[in-house]
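Novice: structural data only, the sequence is not supplied:
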C-alpha cells in the first residue's frame with residue numbers, strides 16, 4: 001500500500017478552506033459594510049457649529065417623537081453628490097433629515113447646498129470631526145436612522161442610493 005505524503009494533501013485542503021471562507025463571506029447582505037456599535041443605543045450627543053445656510057439642530061431634535069435621519073456629508077465628497085437626490089426625495093416624502101457637514105469649508109458647503117438644493121430640516125458643521133468620532137463615522141457620506149425616542153435604528157455607510165433605500169431603508173420606514 002502506497003503511503004500518501006502530507007505535502008500532497010495540504011494544497012487541496014488549503015484551497016478548500018479558502019474557497020469555503022470566501023463563499024461564506026460573499027453570502028452576507030452587504031460585505032462592504034462594517035458593523036456599528038451604535039445600533040440599538042441612544043444617539044450620541046449632538047455638537048455642531050452653527051452654519052449660515054441652515055438652522056442649527058440639537059440633541060432634542062432627535063427625541064421629538066418622529067423618525068429622523070442624521071446625514072454626515074461634505075462638499076468635497078463625490079458620493080455625497082450621488083446620494084443628494086435621494087435625500088431630497090426623502091425630505092419631500094416627509095422624512096426629517098439633519099445634516100452634519102464634516103470637516104469642510106463653510107463657503108464650499110453653502111455652495112454645494114445652493115447648487116443641489118437643501119434636503120435638510122436643520123444642520124450644522126463638525127469642522128474638526130469630533131462629533132463624527134463620537135457617532136462612529138468611518139467616512140462620509142454616512143447616515144443614521146434615529147427613532148423618535150433617540151434610539152439608533154440603522155447605520156448606512158456610503159451613499160444612500162435607491163438600491164439601499166429599497167433593500168434596507170424602506171422596509172424599516174414601512175414598519176414604523
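Specialist: Structure received. Please read these numbers as outputs of a predicted model, since none were measured by experiment. Residues are numbered from 1 along each chain as shown.
Novice: the biggest helix by length in the chain: what's the following helix or strand?
Specialist: If you go by DSSP state H, the chain has its longest helix at helix 6-26. Per DSSP states H and E, helix 6-26 leads on to strand 68-73 as the next helix or strand towards the C-terminus.
Novice: what packs against that following strand?
Specialist: With contacts taken as 3 or more CB pairs under 8 Å, 6 or more residues apart in numbering; DSSP states H and E, strand 68-73 sits against helix 78-92, strand 96-102, helix 130-135, strand 142-146. (Glycine included, C-beta is placed from N, CA and C.)
Novice: show me what residue 69 bridges to in the sheet.
Specialist: residue 97, residue 145 (DSSP bridges).
Novice: what sits against the residue nearest to residue 73 when sequence neighbours are not counted?
Specialist: Leaving out its chain neighbours, the residue that sits closest to residue 73 by CB to CB, 6 or more residues apart in numbering is residue 80, at 4.3 Å. Going by CB atoms under 8 Å, 6 or more residues apart in numbering, residue 80 touches 73-74, 112, 140-141, 159.
Novice: and those residues, which two are furthest apart?
Specialist: 112 and 159 (14.6 Å; CB to CB).
Novice: and the residue nearest to residue 73, what pLDDT?
Specialist: On the pLDDT scale, residue 80 is placed at 96.
Novice: any regions of this structure where pLDDT drops low?
Specialist: 1-2, 25-36 (pLDDT under 70).
Novice: repeat the analysis, applying 90 as the threshold.
Specialist: In the prediction, the chain carries residues with pLDDT under 90 at positions 1-40, 138, 161-176.
Novice: where does the spatially closest residue to residue 87 that is not a sequence neighbour sit: helix, strand or coil?
Specialist: In this structure, residue 87 finds its nearest non-sequential neighbour in residue 119, 3.7 Å apart by CB to CB, 6+ apart. Assigned with DSSP: H, G, I helix; E, B strand; the rest coil, residue 119 falls in the coil class.
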